[in-house]
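> I would like to see how this sequence folds:
(2 chains)
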Amino acid sequence: MSPEELGKANGILIVGETVDGAPVPLVAEMLALARRLIGSGNGLACVLVLGDASSSATREIVAAGADRVYLTAYNETDLYASDMWLEAVRNVLTRFAPDLVLAGHTSLGAELAPRLAFELNLALATGCEALSKEEDTFVATRPCFGHKAREVISLRSKPAVATVRARSIDPLEPDPGRTGESLVLVLDEMNTSTSPRVSSRTREDTGEGPSLEKANVVVAGGRGLGGPEGFGELERLAECLGGVVGASRVACDLGWCPHSRQIGLTGKTVTPALYIAIGISGASHHMAGCGNAGAILAINSDPEAAIFKEARFGVVGDYREIVPALVRELAHFKSRQATVPMDAP
Amino acid sequence: MRIAVCIKEIQNPEIAASVFRVDEERKQVIPLEGMPLVTSPFDEQAIEAAMRIRDAGVQCQVTVLTFGPESAKAAIKRALSMGADNAVHTLDAGLELVGSTTVARVLAEVVKQSGPFDLILTGRQAADWDAGIVGCGIAQLLHIPVVTFAKSVQIEESRVVVERVLDDGFESVQTSMPCVVTISNELGEPRKASLRETMRAAKKPMVVQTLETIGLDAAKLRSEAECLQTRERLFVPHKNVECDVLLGASAEELAKQIVSKLSASRLL
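Here you go, the predicted structure:
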C-alpha cells in the first residue's frame, strides 16, 4: 500500500496486553467495542502485541474481532513496560493511522495512554465505560467523583486516546472462522539510557480456583468484618458457592486481605452473577468495582449503610452469626438437591 | 535533594452518593454546604511518601506545589503541618475545570520554574475527576521518566527505587533522577499533622503566584485544550434498585430466607 492508502485505512489500534503469552480478557472486550465503533465502515481493528505471543494467541485475537495483529518482540525483559509500549505504539502509528487508540485501564494502560497523549498532543479520556462515535468525533463516558458522577467528553484529535475499564463491554462470541493478518514489526533499538529498569516482578498469590474477574460468585468483605479473622468465614462461604473472596480498599489497606483482592475504583472490577458484600458500607468508589454484578446481596449491621441502596437483597445483622448459618443452610440446600434423582420425570 | 509534591484541594470524596449533586448546566459539582474541602487522599499519601524518604535519613527539602483557588491555602497548610518545608501556590481562576491536561501543563511549568527538583511526587489520581493524567503529563512535558502506582519509594544512592503496583502483583522499578512517581493507596496511611510542624508551618516560606507571574496565558491554555477535547456533560446516573430486605428472628431463619431468595432468582 502507498502511504496515502495507508492513511485512508483508518480504524482503531488496540493495546493488546498479554499474560503468559495469552491476551488479557480486556483485549476481546476492546475488540467488541472497536467492531461496534467501526460498524459497517471500512476501518480496521488492529491489535498490537508485545513480547512472545503464541500463534494461538494471534488466532484468539482475530477470532475476537481483529482484522490485523501487529507482533513485536523486545528481548530485554528488564525494560519498563510503558516505555516499550510507547515506543511500539509510536512505531505502529507511522504505518497505520487509526482514528482511535484504545488501551485497557490497567497498571500499564493507565500510564501508557497519558504518556502517548502528551507526547503527540492528542485528546485523552481515561477509565471510560462507554465510547460512541458522533459524526467524526469520539465521545467518551467515564465515571468520576469516585463513581458518583459521569462525565461525557468529546475527543477531537486523530487519533484520540482512551483507556477502557474492564468489564464495561461484553466480548463478542469468538468466531474461529474469522480471518485476519498478522504483521511482524521490527523496531529500532530503543534509547534506554534514562529508562526505568525493572529488577523484579512478584505475582501476588490469588489462591486456587477462578480469578476474581472470572468468578461467578464473589464474596467480599470490608471494614465491618472487624479484623482479618472474618475473612476465614468468608472463605468458607465462597467455597460453598464455588466463589472467590474479594475485599474493599479499607480492608486491604488495613492488611486484612492482599491488595490483589481489592475491588473498587483503584482495584479490580468484577461482574459476577452474585456479589455478596459483607461489612461493606457501599462507598461509591467500592461500587465502581462491583456495580455491574448481576445481583448484590448485602449483609451489614448498619441498616443505614449505603450498600442497601445498591443491593437487590439486604440482610441487617451480625455477619458472625449469619455467615456460619448461611454456610450450614447452603450445605442442606445442596444435599437436598443432590437427593433429587437426576432422571426424575 | 529536592522533592516536589503536587497536591490538590477537592470536595470531600467520602460525601455519600445520596447527597452528592451536580450542576448539569455548569458541568460542575455543587459543593455541599458546611462540608470542608480536603486534600485529595492520594496526594496526602504523596506527602507521606516524601516524609518517609526523609525519615529514612535522606537529606531533602520538600516543596508542596498546588494549582488552585485561594482556598487551597488550607491544603498547603496541612502539608506543611505534616512536615513539608515550603510551598508554591499558583492561583487558579477556573482553569482547572477545563481538564487535567491543562493542569498538567501548568504544574509542569511550575516544576520547571520552582526547581530544579530531583523527584516529583503526585497522587495516582485526584479523587475528584479520577483521571490520573497529571503525573504522567508532567513527566512527558519535562521529558523525564515516570513510574506510576507506587506503594513505596526509596532513594538508593542516586536512584529512585519504586515498588509499583501491578494488576496481579508488584514490580520493583529503579529509575534515575529527575523523575516523577505517582503514589497509590497501597502506600498506607498518611501521618497526621505534628504539633511541632504545625507550630512551624506559619513561618514556612510560601510563594503565591498567578499564571501571569510564570508567563502562562490562561486564555491560550483554555483554547488549546478545548481545541482537542471538551466536557459535554456531567451527570449523576440514575439508580433503579429496590432492595428486598430479608427478615428473620434468628440467624438460621435469615439464612433460610437468603437461600430461598437466591435459589428463586436462580443465583445458586
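> Confirm for me that B:Gln175 is in contact with A:Ser193.
Rather than Gln, residue B:175 is Thr. No. Between B:Thr175 and A:Ser193 there is no contact under Cβ atoms under 8 Å: 11.7 Å. In this view, the C-beta of every residue, glycine as well, is placed from N, C-alpha and C.
> got the domain boundaries for chain A?
A:3-184, A:217-339 (automatic domain parsing).
> would you turn the ones you listed into CSV with mean neighbour count?
CSV is the format used below for these (neighbours: other Cβ atoms under 10 Å in any protein chain shown):
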stretch, mean neighbour count
domain A:3-184, 20
domain A:217-339, 21
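> Of those, give the one that comes closest to B:Val181.
Set against B:Val181 and scored by Cβ to Cβ, these come closest in domain A:3-184, at 11.4 Å.
> ok, now which ones touch residue 69?
The chain I'm using is chain A. If you count contacts by Cβ atoms under 8 Å, 6 or more residues apart in numbering or on different chains, A:Val69 has them with A:16, A:46-49, A:53, A:58, A:61-62, A:180-183.
> ah, no, chain B please
B:Leu91, B:Asp92, B:Ala93.
> any idea which of those is closest to A:Gly224?
Taking Cβ to Cβ as the measure, A:Gly224 lies nearest B:Asp92 of the contacts of B:Pro69, at 39.1 Å.
> and the gap between that closest one and chain A?
From B:Asp92 across to chain A, the span is 18 Å (Cβ to the nearest Cβ, to the nearest Å).
> Might you report the residue contacts of the closest residue in space to A:Pro228 that isn't next to it in sequence?
Nearest residue to A:Pro228 in three dimensions, chain neighbours excluded: A:Trp256, at 4.0 Å (Cβ to Cβ, 6 or more residues apart in numbering or on different chains). Taking Cβ under 8 Å, 6+ apart as the criterion, A:Trp256 is in contact with A:Gly221, A:Leu225, A:Gly227, A:Pro228, A:Gly230, A:Phe231, A:Ala247.
> follow-up on the earlier one: who has more neighbours, B:Thr175 and A:Ser193?
Ranked by neighbour count (other Cβ atoms under 10 Å in any protein chain shown), B:Thr175 and A:Ser193 place B:Thr175 first, with 22 against 6.
> coming back round to it: list residues touching both of B:Thr175 and A:Ser193?
Counting by Cβ under 8 Å, 6+ apart, nothing touches both B:Thr175 and A:Ser193.
> returning to that earlier point: kindly reformat the domains of chain A as CSV containing mean pLDDT.
Formatted as CSV, the domains of chain A follow (pLDDT from 0 to 100):
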stretch, mean pLDDT
domain A:3-184, 92
domain A:217-339, 93
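> Using a markdown table, please lay out those together with distance to B:Met1.
Converted to a markdown table, the domains of chain A look like this (distance: least, Cβ to Cβ, whole Å):
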| stretch | distance to B:Met1 |
| --- | --- |
| domain A:3-184 | 22 |
| domain A:217-339 | 28 |
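> do you know which of the ones you listed lies nearest B:Pro205?
domain A:3-184 (30.7 Å).
> starting at the chain centroid, how far to the closest one?
13 Å (Cα atoms, centre = their mean, to the nearest Å).
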